[in-house]
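**Student:** Make a model of this:
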Amino acid sequence: MRNFAVLTIALALVVAAGVVAAPQSGSNSVPPPWAFGFATPLTPGAAAPAPPAAPAAPPPPDTTMHRLPGSQFSFMLNQIRDQYGPADWFPGDHPQMPDVVAHGKRDQMVAACSLCHYPNGKGRPENAGVSGLPYSYFVQTMMDFKNDKRKSSDTRKANTNRMISFAKNMTDDEIKQAAQYFGAIKWSPWIRVVETDTVPKTRIAGGMFLVEEGAQAGKEPIGQRIIETPEKTEDTEMLRNSHSGFIAYVPPGSIKKGEALVTNGAGKTTQCAVCHGANLQGLGPVPGIAGRSPSYLVRQLYDMQVSARKGEWTDLMKPVVAKLTAEDMINIVAYTASRPVGESRTSGGGR
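**Tutor:** Predicted structure coming up:
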């Protein structure tokens, strides 16, 4: 914990010295819809949409057996998407899963962690990559969900509410087991960053952007957005292939602009290395941000800026994010997502 104390004091001194301005309200009044998995902005004051009605008669189960290259297993679609025991295509990728990761808790309606975040913890743009997170950070995050300190600033984002419910229905021991399991799996390359003026046209399914095909296919301006799509739509959306990663399309020049903000603050923020380590791989209990989902990171920056996310670390991050505009956030995460991953994180935290 020595490194944790040092970096906390260092950041506090930076803030106290006035390098980082005091929080400003209203700089980004509406959540950036693309980061939260929507095509249009949230209407202020709008309630969360009602869940879709169940079909009157569910279709008969698809009994087709599906396979993936490199896996010795085959599964039906209902097995792949089973909330309480989803398919594990590559069990050799990870340690033995704790029961709450592999099966969840049916009686308490806690879905298996491996369903959304994958058995290897790589996750998807609509949720979070959780492998390689420090044990103490993972536990603190889950406790923040449990204690109502984390919510989404976009009230339409239903899976955040599900995470809150899951955390409340997990025991402290189950949270610790999940933290130890995912923390033991190293984060590895998962996202390919591409600067471009135009992006493939997409549709949104469950908060994730999927490339349109057939008559709907084409290109559109990227604008001030980052569009994260699967490398292979079927592998990700239908088969939940934990070996198939993502492309993050970012605006031209955003990586270079983000480098200035990340490495020296550009007069608007604190250099990220103060807390996240010189190579952005993490420092003690502080998570790595290199090579992580830019959509997820923008959600966190925005939620902390508008106080939708609270908790132990947010008080330190609030002045760091206070002056950031929507464009700044795009530039920062375009740069961090493009950074190489795989180096050893700086020690000093954990269990």
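
**Student:** ok, the closest residue to residue 146 other than its chain neighbours - how many residues close by?
**Tutor:** In space, residue 146 comes closest to residue 167 once its chain neighbours are excluded; the distance is 4.1 Å by C-beta to C-beta, 6 or more residues apart in numbering. In this view, the C-beta of every residue, glycine as well, is placed from N, C-alpha and C. Using other C-beta atoms under 10 Å, residue 167 has 20 neighbouring residues.

**Student:** And for whichever strand or helix holds residue 167, what's in contact with it?
**Tutor:** Assessed by DSSP states H and E, residue 167 sits inside helix 158-168. Here helix 158-168 makes contact (C-beta atoms under 8 Å, 6 or more residues apart in numbering) with 48, 51, 104, 109-111, 116, 126-127, 142-143, 145-146, 148, 150-152, 175, 207.

**Student:** Which of the residues you listed fall within helices?
**Tutor:** Among the contacts of helix 158-168, the residues falling in helices (DSSP state H) are 116, 142-143, 145-146, 175.

**Student:** Mind putting those residues into TSV with pLDDT and distance to residue 195?
**Tutor:** Output for the ones in helices among the contacts of helix 158-168, formatted as TSV (pLDDT from 0 to 100; distance: C-beta to C-beta, whole Å):
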residue	pLDDT	distance to residue 195
116	98	29
142	97	35
143	97	38
145	97	34
146	97	39
175	98	39
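
**Student:** now the strands for the stretch 251-351 of the chain?
**Tutor:** Under the criterion DSSP state E, counting those that start in this stretch, the stretch 251-351 of the chain carries no strands.

**Student:** ok, now the stretch 101-250 of the chain?
**Tutor:** Under DSSP E, counting those that start in this stretch, the stretch 101-250 of the chain gives strands at 191-195, 198-200, 202-205, 208-211, 219-221, 227-230, 246-250.

**Student:** Helices along the stretch 1-150 of the chain, start to end?
**Tutor:** 2-16, 77-80, 99-102, 113-117, 135-146 (DSSP state H, counting those that start in this stretch).

**Student:** looking at this structure, which helix or strand does the model trust least?
**Tutor:** Every helix and strand of the chain was ranked by mean pLDDT, DSSP states H and E. The lowest is helix 2-16, at a mean of 48.

**Student:** ok, and the closest non-adjacent residue to residue 271?
**Tutor:** Here the residue nearest residue 271, using C-beta to C-beta, 6+ apart, is residue 265, at 5.1 Å.

**Student:** what do you get for residue 311?
**Tutor:** In space, residue 311 is closest to residue 144, 3.9 Å off (C-beta to C-beta, 6+ apart).

**Student:** For the one you found, give its distance to residue 101.
**Tutor:** Taking C-beta to C-beta, to the nearest Å as the measure, residue 144 falls 19 Å from residue 101.

**Student:** Could you pull up the contacting residues of residue 61?
**Tutor:** Applying C-beta under 8 Å, 6+ apart, we find residue 61 in contact with 76-78.

**Student:** Kindly recompute the last result at 6 Å.
**Tutor:** By C-beta atoms under 6 Å, 6 or more residues apart in numbering, the contact set of residue 61 is residue 78.

**Student:** per-residue confidence at it?
**Tutor:** Per-residue pLDDT puts residue 61 at 78.

**Student:** Count residues in the vicinity of the nearest residue to residue 321 once chain neighbours are set aside, would you?
**Tutor:** Closest residue to residue 321 apart from its sequence neighbours, by C-beta to C-beta, 6+ apart: residue 305 at 4.6 Å. Using other C-beta under 10 Å, residue 305 has 24 other residues around it.

**Student:** For the stretch 201-350 of the chain, which segments are assigned as helices?
**Tutor:** 233, 254-264, 273-276, 294-305, 314-321, 326-338.

**Student:** between those, which gets nearest to residue 283?
**Tutor:** With C-beta to C-beta as the measure, helix 273-276 is the member of the helices of the stretch 201-350 of the chain nearest residue 283 (6.1 Å).

**Student:** Any figure for the gap between residue 287 and residue 317?
**Tutor:** 12 Å.

**Student:** neighbour count winner among these two?
**Tutor:** Set residue 287 next to residue 317 and count neighbours by other C-beta under 10 Å: residue 287 wins out with 24 against 18.

**Student:** still on that earlier bit, mind giving me JSON lines with the strands of the stretch 101-250 of the chain and columns for distance to residue 136?
**Tutor:** JSON lines is the format used below for the strands of the stretch 101-250 of the chain (distance: least, C-beta to C-beta, whole Å):
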{"stretch": "strand 191-195", "distance to residue 136": "25"}
{"stretch": "strand 198-200", "distance to residue 136": "38"}
{"stretch": "strand 202-205", "distance to residue 136": "34"}
{"stretch": "strand 208-211", "distance to residue 136": "30"}
{"stretch": "strand 219-221", "distance to residue 136": "43"}
{"stretch": "strand 227-230", "distance to residue 136": "28"}
{"stretch": "strand 246-250", "distance to residue 136": "28"}
